[in-house]
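A.B. asks: Here's my sequence, what's the structure:
(one chain, ligands or ions: 2)
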Amino acid sequence: MVKYRHSSNKGNDVLCGSNHNNLLSSYEPGRYESHFYISDMNASEIDPNNDNSPNYSNFFAVAEFQADITGSWQFAIDGNDGVELEIQTTPGSTGTIVASYYKCHIRCNCQSYNGTISLTKDNWYRLIVRHTEKTGKDGFKVWYKKPGSGSWTIFGNTLTIRAPYISSDNTCALTSTDFINYGTPGTGEVLSGPISRHLFCSTSLGDGPSYPPIIRMLQNKINRIWEWVSKERPVCNNSLGTPTDYEVRVQVCNASVGLEANCKYYPSGGGIYKPIGLLQKYGEGDGSKVCSKTISKPCNTDSDCNTSTEGLCVENAKMFYGLITGSY
Ligand SMILES: [Ca+2]
Ligand SMILES: [Ca+2]
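C.D. replies: Numbers count the residues shown, from 1 in each chain. Ligands and ions are numbered 1, 2, ... in the order given. Coordinates of the predicted model:
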């Protein structure tokens, strides 16, 4: 269950949720208030005979349930004020509005607002309730009737159900329009149980060659990465448990593993691949040689150049590299 507020500065059709589009328009998902979990839709926090929320509010409910019998299922909804019940055959995709009780009104305390949908045994379905509150009492109830059943049952844990788990530091996942449209939280959701994450940290444990770069890994933590790395030193330490460490070594141009696109074969010394870059791009010529001071006179050896006026015989490349030394 998620609670939102919305502006009073909307048309009455929107405030009351007079139809599907107006009900959608009543939501302002950025104005998240709170969320909580209930085991069934008979919970007092959503009882439409109570004044649960301030004026100009919304409830939004999302749950997934597993059908345990194939056939035509009935669903009924009651509410104060406008409410609708959507069921998605493919969770996260547009579903069917199976039942609705639009506009401003008190609860009917009835199952008159109902509809049917064909469900298949063992499949999971997503159920969404959208609700808007103008003033006064507010809330809703949902019932279901299985194929062949003669009586209504409150929707909830009499079925196999699950809901997105949203931790208290991840409520921004509930502030997207997509969540209102499809019931899929923005980020970080899992379908049951507490969120757990694998945390990775690239670091070293000290100075010098005896402390190589390492990747530290913590598995299945409920903590967020910033609790481990974005804090006063020591960062990435054992405060959340003992990490598994992997020494970081980088190797490129290993022909037995696979050559990167910028590996070049050097035949000398038995032949080896090495990565190439700017030095090769500007330092390697086409194989021809020139006298260095002329940059134009072809040569094969230094003796082809007048070393005092024409320089030495060098590779003809875009840039020439040399060594300058001096003393004083
Ligand atoms: Ca109210
Ligand atoms: Ca009301």
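
A.B. asks: what about the residue in the stretch 101-250 of the chain positioned nearest to ligand 1, distance to residue 156?
C.D. replies: As assessed by CB to the ion, ligand 1 sits closest to residue 138 within the stretch 101-250 of the chain, at 4.1 Å. All C-beta atoms are positioned from the backbone trio N, CA, C, and that covers glycine. Distance, residue 138 to residue 156, by CB to CB, to the nearest Å: 20 Å.

A.B. asks: Between those two, which has more neighbouring residues?
C.D. replies: Neighbour totals were compared for residue 138 and residue 156, and residue 138 leads with 28 against 18 (other CB atoms under 10 Å).

A.B. asks: and that one, what does it touch?
C.D. replies: 48, 50-53, 57, 59, 80-81, 131 (CB atoms under 8 Å, 6 or more residues apart in numbering).

A.B. asks: which of those residues come close to ligand 2?
C.D. replies: Counting by CB under 5 Å from the ion, the subset of the contacts of residue 138 that neighbours ligand 2 consists of 80-81.

A.B. asks: Nearest to residue 116 among the contacts of residue 138?
C.D. replies: residue 131 (21.4 Å; CB to CB).

A.B. asks: The residue lying closest to that closest one once chain neighbours are set aside: which element?
C.D. replies: Of all residues not flanking residue 131 in the chain, residue 59 sits nearest, at 4.1 Å (CB to CB, 6 or more residues apart in numbering). Secondary structure assignment for residue 59, by DSSP states H and E: strand 57-66.

A.B. asks: next one: residue 87
C.D. replies: strand 83-88.

A.B. asks: before we move on, the earlier item: can you select the buried ones from the contacts of residue 138 in ChimeraX?
C.D. replies: Per 16 or more other CB atoms under 10 Å, the buried members of these correspond to this ChimeraX selection:
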select :48,52,53,57,59,80,81,131
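
A.B. asks: What about residue 34, how many residues nearby?
C.D. replies: What residue 34 shows, counting by other CB under 10 Å, is a neighbour count of 12.

A.B. asks: One more: residue 327?
C.D. replies: Around residue 327 there are 3 residues (other CB under 10 Å).

A.B. asks: how near is it to ligand 2?
C.D. replies: From residue 327 over to ligand 2 the distance is 93 Å, taken as CB to the ion, to the nearest Å.

A.B. asks: ok, now which ones touch that residue?
C.D. replies: Residues near residue 327 by CB under 8 Å, 6+ apart: none.

A.B. asks: re the thing from before, in whichever helix or strand comes after the strand holding residue 59, which residues are buried?
C.D. replies: Using DSSP H and E, the helix or strand that follows strand 57-66 in sequence is strand 71-80. Buried residues in strand 71-80, counting neighbours by 16+ other CB under 10 Å, are found at 73-80.

A.B. asks: And stretch 285-302, by the same measure?
C.D. replies: 289-293, 297, 299, 302.

A.B. asks: Then stretch 135-148?
C.D. replies: 137-146.

A.B. asks: so the residue nearest to residue 131 touches residue 142, yeah?
C.D. replies: No: Residue 59 sits out of contact with residue 142 when judged by CB atoms under 8 Å, with a separation of 11.4 Å.

A.B. asks: Please enumerate the shared neighbours of these two.
C.D. replies: residue 129.

A.B. asks: Closest one of the buried residues of strand 71-80 to ligand 1?
C.D. replies: Nearest member of the buried residues of strand 71-80 to ligand 1, counting by CB to the ion, is residue 80, at 8.3 Å.

A.B. asks: For that closest one, give me its contacts.
C.D. replies: 48-49, 105-107, 133, 136-140.

A.B. asks: Now it. Nearest residue, chain neighbours left out?
C.D. replies: residue 48 (4.2 Å).

A.B. asks: how far away is the residue of the stretch 101-250 of the chain closest to ligand 1 from ligand 2?
C.D. replies: 5 Å.

A.B. asks: Bridge partners for that residue, pull those for me.
C.D. replies: Judged by DSSP bridges, the bridge partners of residue 138 are residue 51.

A.B. asks: what number of residues lie near the nearest residue to residue 171 once chain neighbours are set aside?
C.D. replies: Counting by CB to CB, 6+ apart, residue 32 is the residue found nearest to residue 171 once chain neighbours are left out, at 5.8 Å. In terms of burial, residue 32 registers 18 neighbours under the definition other CB under 10 Å.

A.B. asks: Residue 32 contacts residue 170, doesn't it?
C.D. replies: No: Residue 32 lies out of contact with residue 170 (CB under 8 Å); the separation is 11.3 Å.

A.B. asks: surely residue 151 meets residue 143?
C.D. replies: No: between residue 151 and residue 143 there is no contact, the gap being 9.3 Å when judged by CB under 8 Å.

A.B. asks: on that earlier part again, I'd like to know which of the buried residues of strand 71-80 is nearest to ligand 2.
C.D. replies: residue 80 (4.6 Å).

A.B. asks: Any idea what the closest one is bridged to?
C.D. replies: Bridge pairing for residue 80 - DSSP bridges - gives residue 139.
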